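Colleague: What would the 3D arrangement of this be:
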Amino acid sequence: MSQRLRYFPTLAVLLASAAPLAAQEPAPEDEGAEEAEIVVTGTGLPDTPAASAYGTQVIDRERLTTVASGRIEDALASVAGFQQFRRSDSRSANPSAQGATLRALGGNASSRALVLLDGVPLADPFFGHLPFSAIAPERLASARVTRGGGSGPFGAGALAGTIELASAGAADLGSVSGSALVNDRGESEASATLAAPLGEGFASVSGRWDRGQGFWTTPEAQRVPASVRAAYDAWSVEARGVAPIGSAIELQARMSAWHDARTLRFAGADSTTEGQDASVRLVGRGAWQFDALAHVQSRNFTNVVVSSTRFVPTLDQRNTPATGIGGKIEVRPPVGDDSVLRLGMDYRRALGTLYEDAISTATGAVTERRTAGGTNDDLGLFAELDRTIGQLVLTGGVRADRFTIRDGFYRAGTAAGAAITDERYPDRAGWETSVRGGAAFDAGGGLRLRAAGYTGLRLPTLNELYRPFVVFPVTTQANAALRNERLEGFEAGIDYAPSPAIEVSLTAFDDRVSDAIANVTVGPNLRQRQNIDAIRARGIEASAGVGIGPVRLDGSLAWTDAEARGTGMAAALDGLRPAQTPRIAASATLGWRPGERWLLSATLRHVGAQFEDDLESDVLPAATTLDAYAQLPLGSRLAVVMRGENLTDENVVTRNQSGSIDLGAPRTLWIGLKLGR
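Modeller: Next up is the predicted model:
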């Protein structure tokens with residue numbers, strides 16, 4: 001813990017940098033001037049006109065909190081183009097496989113989409129995966145998904161796009177809210193939130209606990225005596241405070257802690273993830289607007305791999321401590337009513353170490369002890385200018401990133417401590433430049449035309465660089481020589497919203513990721529992380545919403561033609577579809593509100609066939625599921641909630657390793673009570 005605390009002075013320095021900005025706040029013209037009204041929002045700076053030029057979709061609080069599973073990843077799946085690495089949700093997936101991407105630019109488990117909560121990046125500093133089980137939808141006000149590369153704050157991670165999660169304020173949360181549900185397998189989900197005024201600001205405290213025996217991920221025909229259900233036990237707590245500092249400056253602080261334990265396929269195949277996050281933010285809304293943010297993350301991961309032939313442990317990933325620190329400063333100087341200028345810098349550091357033991361399946365003794373790790377740094381400088389000329393919005397931005405990849409190592413030794421391998425990798429550093437630009441034209445009558453082009457950047461994660469792994473019988477090697485991924489893309493779209501009851505959006509895009517990192521087959525049961533020449537994805541994204549009185553229909557569709565380009569050792573995958581990327585994904589939700597606080601809805605979701613591996617040898621068949629949600633009020637603040645997952649009991653194949661199959665959630669029925677608004 002002491003090693004992690006040494007980064008808190010860095011956070012203080014970042015916040016102290018905002019002090020001169022606060023000093024620029026204009027003073028009243030005279031002592032008798034009336035003080036400005038203090039309005040606390042708990043949000044960041046307002047959106048800029050640039051947002052209208054990109055393919056963006058917003059999920060409101062109601063849609064986030066009324067999905068049948070209660071999971072944030074399923075709420076995000078309503079956005080055309082959103083995809084996890086695997087189809088499993090955060091109750092039954094290995095945590096390190098929970099990457100998020102957009103526009104079929106996937107192929108491995110690291111997130112190619114940048115996910116932010118109140119401006120703070122959420123990806124694990126070591127693995128690059130997302131702690132979905134720690135993101136409680138009931139704590140959120142909205143999720144804004146922007147597809148395509150970005151060059152703004154933290155843009156070095158926004159290769160495929162950005163998902164911005166915003167915390168709910170006191171007005172949305174209410175003074176006391178919560179829910180408690182149980183399903184037909186005896187599993188439970190419980191959450192509670194308290195929110196109260198804090199001077200002229202507010203404070204909130206919330207907690208959530210999900211637990212259960214889980215469902216069978218192994219088909220009945222493939223079960224053995226060692227097979228078990230996918231048991232899970234996860235809790236998270238969060239405290240948040242917002243307070244004004246003067247009439248136009250707001251202080252926001254958030255702290256959270258969480259722990260998630262899961263068992264997958266076989267008895268003893270246990271994994272855990274845990275984290276503690278903290279952030280402090282100053283937002284200035286005066287003539288010189290600014291946003292200053294500092295954050296720290298402490299994460300850990302453990303995992304036991306069990307042999308699928310002898311059903312005993314073969315590997316104990318006993319400890320993976322990782323730390324992430326960073327911050328940003330963004331300034332918006334006054335440049336006229338028709339322009340917005342953003343200037344700023346951001347910084348992220350990720351450092352972590354893997355400790356694991358190889359175990360003999362015959363004797364149970366440790367045969368090899370391994371450690372691996374390193375440090376990645378990224379310092380970004382960015383500038384963006386938006387100009388409104390009548391009905392036309394023009395935007396352009398540039399970003400320069402100074403990155404370092406250093407202190408990388410891999411060591412292996414015997415159980416007695418004798419060295420087997422001791423490798424230290426050379427440090428690397430460089431500059432990368434990204435740009436983006438676009439235009440949006442308001443043609444009247446609710447019609448908007450838009451076009452944009454962009455480049456983007458993603459550094460390889462510590463996991464990709466230094467950690468090998470085994471999903472029996474396949475071993476995947478790390479690669480300390482991996483290069484940065486680079487994106488080039490463009491898009492054009494039409495948005496049509498003639499009234500609040502009708503919304504239609506259509507986007508065509510063409511994106512190319514050069515030096516894409518993929519798990520490439522290099523021999524029998526052997527893969528290696530490599531930079532392939534490219535992944536190219538071209539497609540169409542569509543979304544629509546129509547409301548007629550108390551009834552509303554919302555739908556989304558993503559069709560993507562994606563292919564890998566490879567030469568040399570990756571030549572075998574040239575022209576093939578990247579692993580884990582469906583050609584088509586669609587969803588539709590029909591909702592009916594027969595009265596205040598009543599809601600009945602059903603969601604039909606289809607995911608096309610996709611391949612488990614880079615050589616298209618194992619198929620994950622297409623799957624169509626039906627979910628339902630019902631809320632029946634018992635009074636002004638209490639309601640009965642009923643949820644149904646996969647009501648048709650579709651077999652959703654989430655893994656196919658040469659015929660060894662895992663399945664997603666079967667039909668699951670929930671019932672419980674909800675207190676709040």
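
Colleague: switch to C-alpha atoms for all contacts and neighbour counts from now on
Modeller: Noted.

Colleague: Now Pro321: closest residue in space that isn't a chain neighbour?
Modeller: Asn300 (4.5 Å; CA to CA, 6 or more residues apart in numbering).

Colleague: Wait, a strand at that neighbour?
Modeller: Yes: under DSSP: H, G, I helix; E, B strand; the rest coil, Asn300 sits within a strand.

Colleague: which stretches of the stretch 451-600 of the chain have low pLDDT?
Modeller: For the stretch 451-600 of the chain, the stretches flagged by pLDDT under 70 are 471-472.

Colleague: try it again with 80
Modeller: 469-474 (pLDDT under 80).

Colleague: The helix or strand encompassing Asn656: partners in the sheet, and parallel or antiparallel?
Modeller: Per DSSP states H and E, Asn656 falls inside strand 653-657. As defined by DSSP bridges, the strand partners of strand 653-657 come to strand 660-663 (antiparallel).

Colleague: Okay, and the beta partners of the closest residue to Arg605 other than its chain neighbours?
Modeller: Once flanking residues are discounted, Arg605 sits nearest to Ser587: 4.2 Å by CA to CA, 6+ apart. Residues in a beta bridge with Ser587, per DSSP bridges, are Ser556, Arg605.

Colleague: Test my guess that Ser587 contacts Ala602.
Modeller: No: Ser587 lies out of contact with Ala602 (CA atoms under 8 Å); the separation is 10.5 Å.

Colleague: Can you point out the buried residues in stretch 607-621?
Modeller: For stretch 607-621, a neighbour-count test (16 or more other CA atoms under 10 Å) marks 607-616, 618-621 as buried.

Colleague: Take those and lay them out in a markdown table including secondary structure and pLDDT.
Modeller: A markdown table is the format used below for those (DSSP: H, G, I helix; E, B strand; the rest coil; pLDDT from 0 to 100):
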| residue | secondary structure | pLDDT |
| --- | --- | --- |
| Val607 | strand | 95 |
| Gly608 | coil | 95 |
| Ala609 | coil | 95 |
| Gln610 | strand | 93 |
| Phe611 | strand | 92 |
| Glu612 | coil | 89 |
| Asp613 | coil | 84 |
| Asp614 | coil | 83 |
| Leu615 | coil | 86 |
| Glu616 | coil | 89 |
| Asp618 | coil | 92 |
| Val619 | strand | 95 |
| Leu620 | strand | 95 |
| Pro621 | coil | 96 |
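
Colleague: ok, then the element right after the longest strand along the chain?
Modeller: Ranked by residue count, the top strand of the chain under DSSP state E comes out as strand 366-389. Using DSSP H and E, the helix or strand that follows strand 366-389 in sequence is strand 392-413.

Colleague: Run the angle between that next one and strand 366-389 for me.
Modeller: 170 degrees (axes from the mean of the first three to the mean of the last three CA atoms, to 10 degrees).

Colleague: what residues does the following helix or strand past strand 392-413 touch?
Modeller: Sequence-wise, the next helix or strand downstream of strand 392-413 (DSSP H and E) is strand 419-424. Identification of contacts with strand 419-424 by CA atoms under 8 Å, 6 or more residues apart in numbering yields 407-414.

Colleague: partners of strand 419-424, with directions?
Modeller: Strand 419-424 has these strand partners (DSSP bridges): strand 392-413 (antiparallel).

Colleague: Find the helix or strand that the residue nearest to Ala537 when sequence neighbours are not counted is a member of.
Modeller: Excluding its sequence neighbours, the residue lying closest to Ala537 (CA to CA, 6+ apart) is Ala562, at 4.1 Å. Per DSSP H and E, Ala562 falls inside strand 551-565.

Colleague: Kindly report the same for Gly430.
Modeller: Per DSSP H and E: strand 428-444 holds Gly430.

Colleague: which of the residues in that strand are buried?
Modeller: Those would be 432-442, for strand 428-444 by 16+ other CA under 10 Å.

Colleague: Ok, stretch 377-391 next?
Modeller: Across stretch 377-391, burial judged by 16+ other CA under 10 Å covers 377-388.

Colleague: ok, of these, which one's closest to Tyr347?
Modeller: Leu379 (4.5 Å; CA to CA).

Colleague: Quick check: the closest residue to the closest one other than its chain neighbours vs Gly324, distance?
Modeller: Spatial nearest neighbour of Leu379, chain neighbours left out: Tyr347 (4.5 Å); criterion: CA to CA, 6+ apart. According to CA to CA, to the nearest Å, Tyr347 and Gly324 sit 10 Å apart.

Colleague: So for the two, which sits in the more crowded spot?
Modeller: Gly324 (26 against 22; other CA atoms under 10 Å).

Colleague: If I look at the more buried one, what pLDDT would I see?
Modeller: Here, the pLDDT recorded for Gly324 equals 97.

Colleague: Surely Leu159 is in a strand?
Modeller: No: applying three-state DSSP, one finds Leu159 to be coil, outside a strand.

Colleague: Check the gap between it and Glu485 for me.
Modeller: Leu159 sits 8 Å away from Glu485, going by CA to CA.

Colleague: same thing with Gly568?
Modeller: Relative to Glu485, and taking CA to CA, Gly568 is found at 18 Å.

Colleague: neighbour-wise, which of the two wins?
Modeller: Using other CA under 10 Å as the criterion, Gly568 and Glu485 rank with Glu485 on top: 20 against 9.

Colleague: Please spell out which residues along stretch 594-605 are buried.
Modeller: Under the neighbour-count rule (16+ other CA under 10 Å), stretch 594-605 has 597, 599-605 buried.

Colleague: and those as TSV, adding distance to Leu140?
Modeller: Below are these laid out as TSV (distance: CA to CA, whole Å):
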residue	distance to Leu140
Arg597	19
Leu599	19
Leu600	21
Ser601	20
Ala602	22
Thr603	21
Leu604	24
Arg605	23
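
Colleague: Secondary structure and distance to Tyr496 for those residues - can I get that in JSON lines?
Modeller: Shown next, in JSON lines, are the buried residues of stretch 594-605 (DSSP: H, G, I helix; E, B strand; the rest coil; distance: CA to CA, whole Å):
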{"residue": "Arg597", "secondary structure": "coil", "distance to Tyr496": "29"}
{"residue": "Leu599", "secondary structure": "strand", "distance to Tyr496": "27"}
{"residue": "Leu600", "secondary structure": "strand", "distance to Tyr496": "27"}
{"residue": "Ser601", "secondary structure": "strand", "distance to Tyr496": "25"}
{"residue": "Ala602", "secondary structure": "strand", "distance to Tyr496": "25"}
{"residue": "Thr603", "secondary structure": "strand", "distance to Tyr496": "23"}
{"residue": "Leu604", "secondary structure": "strand", "distance to Tyr496": "24"}
{"residue": "Arg605", "secondary structure": "strand", "distance to Tyr496": "24"}
